[in-house]
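1. Below is the structure, and that's it, no one-letter string:
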């Protein structure tokens, strides 16, 4: 029943809101003890969890999952150990809540402090991998937020078992059990109802396919932390160290092609194209990368087939690369402004002025000089674990870790100050 | 013609977007020179401007403006001098663009910097006072943003003249004239069209009546920086210094009752109500404040008439005050959680534990101890001039000055780093 589901979503969100008030005042010690308890539990044999996961894996075919997707779904003892390690790492991160972000004493003696506070209630919508359930709950609760988890239906049994574990340890630690909620109704309408509840939910974070994210952005009445796509470029400039450029290009494309900060398009300065492209193309081809090039690229590279215009607007998430030879920095900047998704852009150059222009003029969450696009990641940039990457300019941009799950308030102490006419 | 207006809005927003790219790279010196040029111009006789303003004032009656509103509309030489002074103060503020907000060197040698960048294009929708036109343009351009101004129709002639002045001085300084756009079509539909253009506009800031702000929040496809209401409380605790409490209460209510950070409701601890309320009520009444009290208040205070439930949910913006006697801190916190608008809340107390609980548990943009609510203001908190106050938790909260008109990006320098398996 739709009306029943709507009421259920509302009650669940309301319970999360109530829990968020006491969560906001938890000490770091209590939150970290909960994370360590969870990590300990994951290290112990857990028949219930493994059986639930087996059920999901067994039913995966009926959801039309590929072999790779089924593999990502599977919880093995090794993966649970990794997940436990992840929880311990979140425990080791500083608590963002209460951090003094700024302030000072005003001329009239008012003491002003800008203090980090939790956002409140986070709605997290994601697909497939059950270990994301643990990561998201850990990051939200550590930053003092209640969280509503909405995983994919293909991981529902695993997520139920993980949720039970999360809640048991909340209770064991004396924390509010409503702090972590799981939406178990597989009906798509549940998401639609939740996205209306801006009185209880402060932010929604969708992670998954572009279609899911666009739906959330369209329907949500609360702010959305998101990126649609990672169409990331590496521009190899005429002043590049070419062996270094090759290393960066291979890493950005091949090290993990299915993620948002992998390179999708290589831009090569015409001045060094003849010297650089045939060599790097051989290496890429040798690693199984399909090359789709502009006209000039195809002249220089036997392995490349002609790119279509659409290839320069595509996030392949696969061992496929679009290649274009550009006249120089200006054309590279124009190409990135037109085709980039404001996620991650890199240049390889030894020319200081070129590097400065690139970092200043490229409008993207992260701009790198002489390093792989793969470094646009919360851990790699020093923020610790991340709940997602934002390409928006509002609130947080780039990797979103614990601090990005907070807001702030001004706390002002005086001794009777009043404002003059 | 609606189609024509839609195309016009789109072209205007697109021009602002193009201008925003070069604005983002302006030096502070160029932006400050423009502000000083403007200030100089405002100090000179300006027939065109004064005649335009007279036209607005003459037509004010047809728009149904009150005498107070007509007064706010009027540009006098003294007000223009104040406006010029305001522009010089913005020039004196540090440039937020390029500020390094964080960063460090990672274990692998990557140099990471988190650098402030402009939001891009700001749509500013406001009512009445023409000097706000100057303030908004100054703050947006100083923070490297292009701005689209949509003032009230009652100030249209004045805003046209001010816009001309803004653009003339942009051109004189060699800055992009499209950086400051004015929407001159009085059709309400223009706002509707602009609110759809999230590809060109990064944020909308509505300032005015609650109805306007609700419409903008409902229709906007881009983020909104806003507050709906300022239902601000002062809670006078049993441990308050009572003469100090009286001074703060009078200031919070009477110093400027028509603004969002004025007090709308006084909460008094039952333990000191008999001692405090009759005295403060006399003072308030003496200043012309109408008192609407709870039952206990009416028993103690002859000047009060019974409050309706609605009085505790009303932003009077006038010399009217709701008063309630509460059992103590917990009831005060509950009342604020239920009736407050998350804008500004104050406590008067000398008890340290009470003060700490109040600042920690009240969920509002600014929480004050022993000071007037009127201090929730960009200038008073040390941010410099403000473009508005936000009660949301996403992006900026509290007064929004230059830094709150920026986003950031990560700039990473390496020497060939690639990411390991």
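-> Thanks, I have it. On a predicted model such as this, the values are computed, not experimentally measured, just so you know.
2. gap between residue A:176 and residue B:244?
-> 38 Å (CB to CB, to the nearest Å). Glycine gets a C-beta too; all of them are placed from N, C-alpha and C.
3. how about the residues of the stretch 101-250 of chain A near chain B?
-> Residues of the stretch 101-250 of chain A lying close to chain B (CB under 8 Å from any CB of the partner chain) are A:103-104, A:106, A:110, A:112, A:117, A:119-120, A:202-203, A:223, A:241, A:244, A:247-248, A:250.
4. and these, which of them are in strands?
-> A:103-104, A:112, A:117, A:203 (DSSP state E).
5. What is the nearest of the residues you listed to residue B:259?
-> residue A:112 (19.4 Å; CB to CB).
6. ok so, going back, I'd like a version of the ones in strands among the residues of the stretch 101-250 of chain A next to chain B in TSV, one that adds pLDDT and neighbour count as further columns.
-> Listed next are these as TSV, based on pLDDT from 0 to 100; neighbours: other CB atoms under 10 Å in any protein chain shown:
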residue	pLDDT	neighbour count
A:103	96	17
A:104	96	11
A:112	98	21
A:117	98	21
A:203	97	25
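7. Test my guess that residue A:282 contacts residue A:304.
-> No. In this structure, residue A:282 is not within contact of residue A:304 by CB atoms under 8 Å, at 11.1 Å.
8. quick one: which of the two has more around it?
-> residue A:304 (22 against 14; other CB atoms under 10 Å in any protein chain shown).
9. For that one, which non-adjacent residue is spatially closest?
-> residue A:293 (3.7 Å; CB to CB, 6 or more residues apart in numbering or on different chains).
10. Residue A:36 too?
-> Here the residue nearest residue A:36, using CB to CB, 6+ apart, is residue A:91, at 5.8 Å.
11. Kindly report the same for residue A:187.
-> In space, residue A:187 is closest to residue A:5, 5.9 Å off (CB to CB, 6+ apart).
12. Go ahead and confirm that neighbour touches residue A:185.
-> Yes. With contact defined as CB under 8 Å, residue A:5 counts as touching residue A:185 (5.8 Å).
13. on that earlier part again, by contact count, what packs against the strand or helix carrying the residue nearest to residue A:187?
-> Secondary structure from DSSP states H and E places residue A:5 in helix A:2-23. Other helices and strands packing on helix A:2-23, by 3 or more CB pairs under 8 Å, 6 or more residues apart in numbering or on different chains; DSSP states H and E, are strand A:121-126, strand A:146-150, strand A:180-182, helix A:189-194.
14. got the contact list for the first one?
-> Residues from elsewhere that reach strand A:121-126 (CB atoms under 8 Å, 6 or more residues apart in numbering or on different chains): A:13, A:16-17, A:20, A:132, A:136, A:140, A:145-152, A:191, A:194-195, A:200-208, A:212, A:216, A:222, A:387, A:405.
15. Using neighbour counts, trim those residues to the buried set.
-> A:13, A:16-17, A:20, A:132, A:136, A:140, A:145-152, A:191, A:194-195, A:200-207, A:212, A:216, A:222, A:387, A:405 (16 or more other CB atoms under 10 Å in any protein chain shown).
16. Tell me the residues of the stretch 251-400 of chain A that contact chain B?
-> So the stretch 251-400 of chain A meets chain B at A:251-252, A:255, A:355, A:359-361, A:363-372, A:374-376, A:380-382, A:392-395, A:397-398 (CB under 8 Å from any CB).
17. The residues you listed in strands, which ones?
-> Reading strands off these with DSSP E, I get A:366-371, A:398.
18. now those: which count as buried?
-> A:366-371, A:398.
19. farthest-separated two in these?
-> The widest separation within these (CB to CB) is 18.7 Å, between A:370 and A:398.
20. Per-residue pLDDT of the residue of the stretch 151-300 of chain A found nearest chain B, please?
-> Residue nearest to chain B within the stretch 151-300 of chain A (CB to the nearest CB): residue A:251, separated by 3.5 Å. What the model reports for residue A:251 is a pLDDT of 98.
21. residue ranges with poor pLDDT in the stretch 201-350 of chain A?
-> Judged against pLDDT under 70, the stretch 201-350 of chain A has no low-scoring part.
22. With the stretch 1-150 of chain A instead?
-> Residues of the stretch 1-150 of chain A that meet the criterion pLDDT under 70 lie in A:1.
23. you'd agree residue A:397 is up against residue B:202?
-> No. Residue A:397 is not in contact with residue B:202 according to CB under 8 Å; the separation is 11.6 Å.
24. And the helices in chain A?
-> Secondary structure of chain A (DSSP state H): helices located at A:2-23, A:28-43, A:47-59, A:67-73, A:77-92, A:131-142, A:156-172, A:189-194, A:210-219, A:242-254, A:270-286, A:295-300, A:329-339, A:352-361.
25. related to what we said a few turns ago, now the ones in strands among the residues of the stretch 251-400 of chain A next to chain B as JSON lines including distance to residue B:34 and pLDDT?
-> JSON lines is the format used below for these (distance: CB to CB, whole Å; pLDDT from 0 to 100):
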{"residue": "A:366", "distance to residue B:34": "31", "pLDDT": "98"}
{"residue": "A:367", "distance to residue B:34": "28", "pLDDT": "98"}
{"residue": "A:368", "distance to residue B:34": "33", "pLDDT": "98"}
{"residue": "A:369", "distance to residue B:34": "32", "pLDDT": "98"}
{"residue": "A:370", "distance to residue B:34": "36", "pLDDT": "98"}
{"residue": "A:371", "distance to residue B:34": "37", "pLDDT": "98"}
{"residue": "A:398", "distance to residue B:34": "31", "pLDDT": "97"}
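26. Which one of these is nearest to chain B?
-> Looking across those and measuring by CB to the nearest CB, the closest to chain B is residue A:371, at 3.2 Å.
27. Identify the residues contacting that closest one.
-> A:248, A:346, B:110, B:412-414, B:416-418.
28. got the contact list for stretch A:210-225?
-> Counting by CB under 8 Å, 6+ apart, A:123, A:125, A:127, A:191-192, A:195-198, A:201-207, A:226-229, A:315, A:387-388, A:390, A:392, A:394-396, A:400, A:404, B:223, B:392, B:394-395 sit against stretch A:210-225.
29. Equivalent analysis for stretch A:26-40, please.
-> Against stretch A:26-40 from outside (CB under 8 Å, 6+ apart): A:84-85, A:87-88, A:90-91, A:94-95, A:97, A:134, A:138, A:141-142, A:144, A:165-166, A:169-170, A:172-175.
30. Show me just the buried residues among those.
-> A:84, A:87, A:90-91, A:95, A:97, A:134, A:138, A:141-142, A:144, A:165-166, A:169-170, A:173, A:175.
31. can you pull the contacts of residue A:134?
-> Counting by CB under 8 Å, 6+ apart, residue A:134 has contacts A:38, A:42, A:83, A:86-87, A:162, A:166.
32. now, among those, which is nearest to residue A:268?
-> Of these, the one sitting nearest to residue A:268 (CB to CB) turns out to be residue A:86, at 38.1 Å.
33. For that closest one, grab the count of nearby residues.
-> Under the criterion other CB under 10 Å, the count of neighbours that residue A:86 has is 19.
34. In this structure it contacts residue A:138, no?
-> Yes. Counting by CB under 8 Å, residue A:86 does reach residue A:138; the two are 7.3 Å apart.
35. Need the residues touching each of these two.
-> In contact with both residue A:86 and residue A:138: residue A:385, using CB under 8 Å, 6+ apart.
36. can you pull the contacts of the most centrally placed residue in chain A?
-> Against the mean C-alpha coordinate of chain A, by CA atoms, centre = their mean, the closest residue is residue A:388 at 1.7 Å. By CB under 8 Å, 6+ apart, residue A:388 lies in contact with A:205, A:207, A:225-227, A:399-400.
37. Tell me how far it lies from chain B.
-> When distance is defined by CB to the nearest CB, to the nearest Å, residue A:388 is 15 Å away from chain B.
38. Kindly report the same for residue A:128.
-> 22 Å.
39. Give the burial count for that residue, as a bare number.
-> 20.
40. need the contact list for it.
-> A:69, A:72-73, A:151-152, A:154-155, A:208.
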